[in-house]
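> prediction below, plus the sequence it came from.
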Amino acid sequence: MQYTERYFGTEYAEQQFFASLRPRIERMVRHYVRSGDDDVEDLTQECLIRVYNSLESLRDSDKLDPWLHALVRNTVFTWLRERRHEMEMCSLGLEADTESEPYTSHEDDTLLYMVLQEVLQTLSEEDRQMIEMRYGEGMRYQEIAKVMQMNVEAVRKRINRALAKLRAHPIVRAITEEAG
């Protein structure tokens, strides 16, 4: 007996399961992809297909959410890489005497945003909040200390340690080595 048969029992239950997954997956995709609705719809559909095809690899149904998040993230990463490759291949057809900027697009920004979100997950919730307040909202150390109910020096040290941890992350090191 297959996992899906054991898990759902009936075809109707399976249809209900996938119908309930669709809005969750679409929200996750929208978190990563800020382009048009067509792209979001296509990626949502691709994720649903991947869930259907690989549901048997999910051994513990209690871990559906992290499994689903990883599946969506990987699908979006793959889509962004393919899209970037397509754009680079199209740009090869340009004439040599045409000056153009290096390829940068919304997809590049989205990929960097996704990488940043992934790396920030390695920090504690408090450290992540302090980094977001300092660099996302532009707050000063004194303001952060007041919000976090800590002294200024402790905030400064925590932020510096968090930045060091972020810089040491393998993804960030790879990006900085490639850029520099």
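Happy to help now that I have it.

> can you pull the buried residues of the lengthiest helix in the chain?
Taking DSSP state H as the criterion, the chain has its longest helix at helix 64-91. For helix 64-91, the buried set under the neighbour-count rule, 16 or more other CB atoms under 10 Å, comprises W67, L68, L71, V72, R73, T75, V76, W79, L80, R83. Placement of C-beta: from N, CA and C, glycine included.

> quick one, domains of this protein?
According to automatic domain parsing, the chain comprises the domains 3-87, 122-179.

> indicate which one of these is closest to Y113.
domain 3-87 (7.7 Å; CB to CB).

> what about F17, neighbour count?
Neighbours of F17 under the rule other CB atoms under 10 Å: 15.

> so it is in which element?
helix 11-32 (DSSP states H and E).

> what angle sits between that helix and helix 64-91?
Note on geometry: by axes from the mean of the first three to the mean of the last three CA atoms, to 10 degrees, helix 11-32 and helix 64-91 are set 60 degrees apart in direction.

> helix 11-32 - what's its average pLDDT?
What helix 11-32 shows for mean pLDDT is 83.
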